[in-house]
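Trainee: Need a 3D model of the sequence below.
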Amino acid sequence: MKRILYILLLLIVFLGAFELHTLFLPQAKEFLVKSYFINALMALIALAFLFYGIKNKKSNLALIYLLTIALKLIVYFFFFYPEFKLDGVIIRKEFFTFFIPYSLGLLAEITLLANRFK
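Mentor: Coordinates of the predicted model:
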C-alpha cells in the first residue's frame, strides 16, 4: 500500500510540474509532453527496480541504482539530445524542458533510498 501511495504522489507531482511548465512555455507543449512522459516512465521503471532491490537484492542496491542512471543516460542521448542539437545550440529553456522532469524522478529515487537507510 505504501508503494502505491508513493507512486501516486510521484505522478501527482509530475502532473503539477507539467502544468506549471506549460504555463511558462506554452510554445513547447508537444516537447514537454514527450519529456514528462518519458521521464515519468523512466522514474517508475527505476523505482520498480529499486523496490525490487530493497526487497530482494539488498547487497546489489548500489549496482541497481547505477544501472537505472545508465538507462536514463541512454534514453537522454537517444530521445532528447538529437532534438536539442538540431540548431547547434542548447539554450537554457531547452535544457530545463528535460532537466526538471528528470530531477523530479531523481528526487523520488533518492527519497526512496534515504527512507530505506534511515
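Trainee: which non-adjacent residue is nearest Asn39?
Mentor: Once flanking residues are discounted, Asn39 sits nearest to Pro101: 3.6 Å by CB to CB, 6 or more residues apart in numbering. Quick note: C-beta positions are derived from backbone N, CA and C, even for glycine.
Trainee: State the helix or strand in which that neighbour lies.
Mentor: Taking DSSP states H and E as the definition, Pro101 sits inside helix 92-116.
Trainee: what packs against that helix?
Mentor: Contacts defined by 3 or more CB pairs under 8 Å, 6 or more residues apart in numbering; DSSP states H and E place helix 92-116 against helix 2-24, helix 29-56, helix 61-75, helix 81-84.
Trainee: where in this protein is pLDDT low?
Mentor: Counting by pLDDT under 70, the low-confidence segments of the chain come to 1.
Trainee: Deepest in the core, which of the helices and strands packed on helix 92-116 is it.
Mentor: helix 29-56 (a mean of 17; mean count of other CB atoms under 10 Å).
Trainee: by how many degrees do that helix and helix 61-75 diverge?
Mentor: For helix 29-56 against helix 61-75, the angle by axes from the mean of the first three to the mean of the last three CA atoms, to 10 degrees is 160 degrees.
Trainee: so helix 29-56 versus helix 92-116, what angle?
Mentor: Interaxial angle, helix 29-56 versus helix 92-116 (the same axes, to 10 degrees): 20 degrees.
Trainee: Phe96 is nearest to which of the helices and strands packed on helix 92-116?
Mentor: Smallest distance to Phe96 across these (CB to CB): 8.2 Å, for helix 2-24.
Trainee: Compute the inter-axis angle for that closest one and helix 92-116.
Mentor: Using the same axes, to 10 degrees, the inter-axis angle of helix 2-24 relative to helix 92-116 is 160 degrees.
Trainee: Contacts only, for Glu30.
Mentor: Contact criterion CB atoms under 8 Å, 6 or more residues apart in numbering gives no residues in contact with Glu30.
Trainee: Pretty sure the residue nearest to Asn39 sits against Ala17.
Mentor: Yes - using CB atoms under 8 Å, Pro101 is in contact with Ala17, at 6.9 Å.
Trainee: Good, wrapping up.
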